[in-house]
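Engineer: Build me a model:
(chains A and B)
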Amino acid sequence: SAVISQKPSRDICQRGTSLTIQCQVDSQVTMMFWYRQQPGQSLTLIATANQGSEATYESGFVIDKFPISRPNLTFSTLTVSNMSPEDSSIYLCSAGARNEQFFGPGTRLTVL
Amino acid sequence: AQSVTQLGSHVSVSEGALVLLRCNYSSSVPPYLFWYVQYPNQGLQLLLKYTSAATLVKGINGFEAEFKKSETSFHLTKPSAHMSDAAEYFCAVSEAAAGNKLTFGGGTRVLVKP
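Structural biologist: Predicted coordinates:
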């Protein structure tokens, strides 16, 4: 199994600002993903973080709003740019392979 | 395209009673199926997974699920509910053709009554 940590665990931000969330895995993994969980909702995939190349975004998510980096096989960042109150959510990182994905504890973001 | 439907957004059970959470999936190829649990203010924890081996899968905390291809279902059960089972449960599917990403159902919140 893989142990995933995220920083920060929570933050309160002002609208118009940006926040970068870090995801660290304790072992090398082939796949890393970023999900959003809006209040009282299920998880929605934002993008697949590809090592050494641009992330692959799902419909409704764009790179300008959610830039993602993955410089190596154990680390990724997600930036939430030009935030609005609608971005208030839990952002979760996951990592693993097809037969098993592990999740970080999430970053709880509140935008005022 | 893959999709998951969880019947019932909320389920209330008495302590000691059977827990049954329903999940139906849609997939163009044999899928991998998962159940995750989310406790309040925490991330997701994998309960169990189906990866084309045995159709009856046993997981942690006394949970099990049965893959039924003819019914495209993967229902989660636990014979006797415990107060600590109160949480939100998510069914998810992944396909290699979809880049192995997970598609989640809407979730079922379980309340356990003493």
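
Engineer: Could you pull up the residues touching residue B:3?
Structural biologist: Neighbour list for residue B:3: B:25, B:26, B:93, B:103 [criterion: C-beta atoms under 8 Å, 6 or more residues apart in numbering or on different chains]. C-beta here means a position set from N, CA and C on the backbone, and glycine is covered the same way.

Engineer: Am I right that the third one falls within a helix?
Structural biologist: No: applying DSSP: H, G, I helix; E, B strand; the rest coil, one finds residue B:93 to be strand, outside a helix.

Engineer: For chain B, see how far away the residue sitting nearest the centre point of chain A is.
Structural biologist: By C-alpha atoms, centre = their mean, the mean C-alpha position of chain A lies nearest to residue A:34, the distance being 3.6 Å. To chain B, residue A:34 is 11 Å away according to C-beta to the nearest C-beta, to the nearest Å.

Engineer: Bridged to residue A:77, which residues?
Structural biologist: Bridge pairing for residue A:77 (DSSP bridges) gives the partners residue A:22, residue A:69.

Engineer: how many neighbours does it have?
Structural biologist: 18 (other C-beta atoms under 10 Å in any protein chain shown).

Engineer: Was I right to think it contacts residue A:21?
Structural biologist: Yes: applying C-beta atoms under 8 Å as the test, residue A:77 and residue A:21 come out as touching, 6.5 Å apart.

Engineer: How far does stretch A:58-71 stretch from one end to the other?
Structural biologist: End-to-end distance of stretch A:58-71 (C-alpha to C-alpha, to the nearest Å): 20 Å.

Engineer: Next: stretch A:84-99.
Structural biologist: 36 Å.

Engineer: That stretch: how far from the chain's middle?
Structural biologist: Averaging C-alpha positions (C-alpha atoms, centre = their mean, to the nearest Å) puts stretch A:84-99 4 Å from its chain's average.

Engineer: What are the buried residues along that stretch?
Structural biologist: A:87, A:88, A:89, A:90, A:91, A:92, A:93, A:94, A:95, A:96, A:98 (16 or more other C-beta atoms under 10 Å in any protein chain shown).

Engineer: Go through those and flag which are in strands.
Structural biologist: Secondary structure defined by DSSP state E assigns A:89, A:90, A:91, A:92, A:93, A:94, A:95, A:96 of the buried residues of stretch A:84-99 to strands.

Engineer: what's the average pLDDT for stretch B:10-17?
Structural biologist: The average pLDDT within stretch B:10-17 is 97.

Engineer: which parts of that stretch are buried?
Structural biologist: For stretch B:10-17, using 16+ other C-beta under 10 Å, the buried residues are B:11, B:13.

Engineer: same deal with stretch A:99-112?
Structural biologist: Applying 16+ other C-beta under 10 Å to stretch A:99-112 flags A:101, A:102, A:103, A:104, A:105, A:106, A:107, A:108, A:109, A:111 as buried.

Engineer: The residues you listed into CSV, with extra columns for secondary structure?
Structural biologist: Formatted as CSV, the buried residues of stretch A:99-112 follow (three-state DSSP):
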residue, secondary structure
A:101, strand
A:102, strand
A:103, strand
A:104, coil
A:105, coil
A:106, coil
A:107, strand
A:108, strand
A:109, strand
A:111, strand
